[in-house]
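*Asks:* Here you go, sequence then predicted model.
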Amino acid sequence: MHQIRECDGAHGTSSAANPGQCASLTRFLVELLDGPGGFTDIFLESGMPVMLRQAPGCWVAAEHGGVPCIPGHDQIERFLHGLLRDGDHHPGQGGSQPRWVAELARQGTVRRAAVLSELIDGRWVSHRLRCTVQRQRMGAAFGVVLRPVRTVPSSLEALGLPASAGHLLAATSRGLLLVTGPAAAGKSTTLAAMLSALVARRRIHVLTLEQPVEFLHPRHAGMVSHREVGTDVDSIAEGIRQAQRCMPDAMLIGELETEEAMREALHAAASGLLVLASVRAQDPLAGIGRMRDALPAPVQRKLLAASLAGVICQRLVPARDAGGAVRLDLQSKVIDCRHPELAAGIGAASDEKFAALARLLPLLGDAVETKPVTAGLADARTEASMPAGLA
């Protein structure tokens, strides 16, 4: 039986008397993912216990029978070869090598969407993951972060977001809608719910740009084209520039990380497209500020003010249920950026005038709402009669 100890300090570590290697790392992780949850990410490092991220600043060791799983370097490498089987190889010394190995050697990091499958009690259990691999300790070790990828949520309300989030989306046919929040706040899941709502009701074509593609959306009234950065296109910025060739009505951008990507996203929104994108920031003003910093020219900032339709800011915060168990709550706030005073501050050339919006934002939109995380964000469990790729 797997155990997850309570976070007992800044580092959230726990100890065990007889640590040892996992007999099967894949089985250990599948059973962990198939359990009650209570974590957002799994961290693997060569020669170190498997760690679980329960909340920001709260990491705990996962144990089996009171003993933590400590995978070795070779064991993690074998696990990655099975998880990241790409189907194509690149020439290397002594033959060919998997694409993820070549990319890791070239860039020092790899990001992929993957499916982890194992036969448990006579049935195949599968979990979709976002996998990030990095070289560590001067190339002598792997660092791996696994984040469960959820099924496409049925609605924004099902995630625990306020009804005003759906109203804002329904009232917006062009311009830029931002989802902001820190890492592991559920931004990708919120974007997926927004896209799902769009194609369910509108006969439109949506192009997604993600690294990696996390959610595959079936065709409803509208249709969706998925492009993965690193596989289908070199970068987010290049993908936005190429988008006009696909004639989309809307775009979903997994995350705007570079100034170039932010500028291209703004130009797409200003051209008449509806652009849904996430920006990593602690609050709405910081998210808008990151966009402003990427657009220093006064004309660009005025374009941002004219194109920014709204911001959904969210974060996951730890709490305890009635039984004392750790759970995650979703805090969110929805802001309609078409308010005249807010638009004037966003478009102002002066940073002081923009900073003055801090007093205005609490008065706009709904109050901050806090709700327990629902199945859309918390449950990554899926079952299949056969593991993906082997049917």
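*Replies:* All right, it came through fine.
*Asks:* For the stretch 201-350 of the chain, which segments count as strands?
*Replies:* For the stretch 201-350 of the chain, the strands defined by DSSP state E, counting those that start in this stretch occupy 205-210, 223-228, 250-253, 274-280, 308-320, 326-336.
*Asks:* Now do the lengthiest helix in the chain against strand 205-210, angle only.
*Replies:* When the chain is parsed with DSSP state H, its longest helix is helix 187-201. The directions of helix 187-201 and strand 205-210 differ by 170 degrees, with axes from the mean of the first three to the mean of the last three Cα atoms, to 10 degrees as the criterion.
*Asks:* Could you name the stretch from the strands of the stretch 201-350 of the chain that's closest to residue 81?
*Replies:* Residue 81 lies closest, by Cβ to Cβ, to one member of the strands of the stretch 201-350 of the chain: strand 223-228, at 20.3 Å. From N, CA and C alone the C-beta is placed, and that goes for glycine too.
*Asks:* average model confidence for that closest one?
*Replies:* What strand 223-228 shows for mean pLDDT is 90.
*Asks:* Quick check: neighbours of that strand in the sheet, parallel or antiparallel?
*Replies:* Sheet pairing for strand 223-228, assigned by DSSP bridges, gives strand 205-210 (parallel).
*Asks:* could you turn the partner strand into PDB, dropping everything but the C-alphas?
*Replies:* What follows is strand 205-210, C-alpha atoms only, in PDB (Å, rounded to 0.1, in the frame of the first residue of the first chain):
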ATOM      1  CA  HIS A 205     -11.700  26.500 -36.500                       C
ATOM      2  CA  VAL A 206      -9.400  26.600 -33.500                       C
ATOM      3  CA  LEU A 207      -5.600  26.100 -33.800                       C
ATOM      4  CA  THR A 208      -3.700  25.100 -30.700                       C
ATOM      5  CA  LEU A 209       0.000  25.700 -30.000                       C
ATOM      6  CA  GLU A 210       1.300  23.700 -27.000                       C
END
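*Asks:* buried set for the longest helix of the chain?
*Replies:* 187-199 (16 or more other Cβ atoms under 10 Å).
*Asks:* want to try CSV for those residues, with pLDDT as columns?
*Replies:* Output for the buried residues of helix 187-201, formatted as CSV (pLDDT from 0 to 100):
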residue, pLDDT
187, 92
188, 90
189, 89
190, 93
191, 94
192, 92
193, 92
194, 94
195, 94
196, 92
197, 92
198, 93
199, 92
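*Asks:* Let me know the closest of those to residue 72.
*Replies:* residue 188 (31.5 Å).
*Asks:* dump the residue contacts of that closest one.
*Replies:* 210, 214-215, 254, 278 (Cβ atoms under 8 Å, 6 or more residues apart in numbering).
*Asks:* in the stretch 251-391 of the chain, which ranges drop under the pLDDT threshold?
*Replies:* Scanning the stretch 251-391 of the chain for pLDDT under 70 picks out 325-326, 365-367, 373-391.
*Asks:* mind listing the helices for it?
*Replies:* 259-270, 284-293, 298-307, 340-347, 351-355, 375-378 (DSSP state H, counting those that start in this stretch).
*Asks:* Looking at these, which is nearest to residue 79?
*Replies:* Ranked by Cβ to Cβ, the member of these that lies closest to residue 79 is helix 375-378, at 24.6 Å.
*Asks:* Which among the helices of the stretch 251-391 of the chain is found nearest to residue 323?
*Replies:* helix 375-378 (16.2 Å).
*Asks:* Let me know whether residue 258 touches residue 240 as I believe.
*Replies:* No - counting by Cβ atoms under 8 Å, residue 258 does not reach residue 240; the two are 11.2 Å apart.
*Asks:* Just put the strands of the stretch 201-350 of the chain in JSON lines and tack on mean neighbour count.
*Replies:* Shown next, in JSON lines, are these (neighbours: other Cβ atoms under 10 Å):
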{"stretch": "strand 205-210", "mean neighbour count": "24"}
{"stretch": "strand 223-228", "mean neighbour count": "18"}
{"stretch": "strand 250-253", "mean neighbour count": "27"}
{"stretch": "strand 274-280", "mean neighbour count": "24"}
{"stretch": "strand 308-320", "mean neighbour count": "21"}
{"stretch": "strand 326-336", "mean neighbour count": "21"}
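*Asks:* Compile those into a markdown table and extend it with columns for distance to residue 97.
*Replies:* Shown next, in a markdown table, are the strands of the stretch 201-350 of the chain (distance: least, Cβ to Cβ, whole Å):
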| stretch | distance to residue 97 |
| --- | --- |
| strand 205-210 | 25 |
| strand 223-228 | 20 |
| strand 250-253 | 31 |
| strand 274-280 | 32 |
| strand 308-320 | 38 |
| strand 326-336 | 39 |
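*Asks:* Between those, which one is closest to residue 48.
*Replies:* strand 326-336 (22.3 Å).
*Asks:* What is that closest one packed up against?
*Replies:* Other elements packing on strand 326-336 under the criterion 3 or more Cβ pairs under 8 Å, 6 or more residues apart in numbering; DSSP states H and E are strand 51-55, helix 163-170, strand 308-320, strand 369-372, helix 375-378.
*Asks:* Tabulate those (JSON lines), appending distance to residue 107.
*Replies:* Shown next, in JSON lines, are the helices and strands packed on strand 326-336 (distance: least, Cβ to Cβ, whole Å):
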{"stretch": "strand 51-55", "distance to residue 107": "24"}
{"stretch": "helix 163-170", "distance to residue 107": "35"}
{"stretch": "strand 308-320", "distance to residue 107": "29"}
{"stretch": "strand 369-372", "distance to residue 107": "39"}
{"stretch": "helix 375-378", "distance to residue 107": "30"}
